[in-house]
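[1] Fold the following, please.
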Amino acid sequence: MYILVYTFNERCEMLARLQKWGNSQGLRFSRSMLREAKIGLGDPVDVSARAGEIVVKPVAATRGKYRLKELMSRMPDHYRPGETDWGRPQGKEVW
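    Numbers count the residues shown, from 1 in each chain. Okay, the predicted model is just below:
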């Protein structure tokens, strides 16, 4: 087993243990570590090995990829939103 120390922005440090998961090896990151690195569950990351270190970086942000103005420009000029009747309230819904 290896013990690795990860540092992000010289502020957030974590001691982790490399563990066997099935036929692979894996690391677990604390929520605060992921928050500091701006990485969320399911986000793609770039993993590389350099000079004896493993580097994990978030892939270029996909959030905010689209701008509202650009999306609105794709809408047909004749489009007008309408209301849809979904029926009577169900359960504890109040209208």
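[2] ok, then the element right after the helix or strand bottoming out on mean pLDDT in the chain?
    The least trusted helix or strand in the chain, going by mean pLDDT, DSSP states H and E, turns out to be strand 3-8, with a mean of 50. Using DSSP states H and E, the next helix or strand after strand 3-8 towards the C-terminus is strand 12-17.
[3] Strands of the protein, residue ranges please.
    3-8, 12-17, 19-21, 24-26, 45-50, 53-58 (DSSP state E).
[4] Take the ones you listed and lay them out in a markdown table including mean neighbour count.
    Quick note: C-beta positions are derived from backbone N, CA and C, even for glycine. Output for the strands of the chain, formatted as a markdown table (neighbours: other Cβ atoms under 10 Å):
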| stretch | mean neighbour count |
| --- | --- |
| strand 3-8 | 12 |
| strand 12-17 | 13 |
| strand 19-21 | 10 |
| strand 24-26 | 9 |
| strand 45-50 | 9 |
| strand 53-58 | 13 |
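[5] Can you check which of the ones you listed gets nearest to Met33?
    Closest approach to Met33 among the strands of the chain (Cβ to Cβ): strand 12-17, 4.9 Å.
[6] Show me what that closest one is packed against.
    Packing contacts for strand 12-17, counted by 3 or more Cβ pairs under 8 Å, 6 or more residues apart in numbering; DSSP states H and E, involve strand 3-8, helix 31-37.
[7] Within the sheet, what are the partner strands of it, with directions?
    strand 3-8 (antiparallel) (DSSP bridges).
[8] How much space separates Gly26 from Lys69?
    Shown here: Gly26 relative to Lys69, a distance of 41 Å by Cβ to Cβ, to the nearest Å.
[9] Quick one: low-confidence residue ranges for this protein.
    1-12, 61-64, 95 (pLDDT under 70).
[10] ok, now with 80
    1-15, 60-66, 93-95 (pLDDT under 80).
[11] What residues sit buried inside stretch 29-37?
    Neighbour-count burial for stretch 29-37, with 16 or more other Cβ atoms under 10 Å as criterion, is recorded at 33-34, 36-37.
[12] any chance of those residues in CSV, with distance to Gly22 too?
    Shown next, in CSV, are the buried residues of stretch 29-37 (distance: Cβ to Cβ, whole Å):
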residue, distance to Gly22
Met33, 23
Leu34, 22
Glu36, 28
Ala37, 25
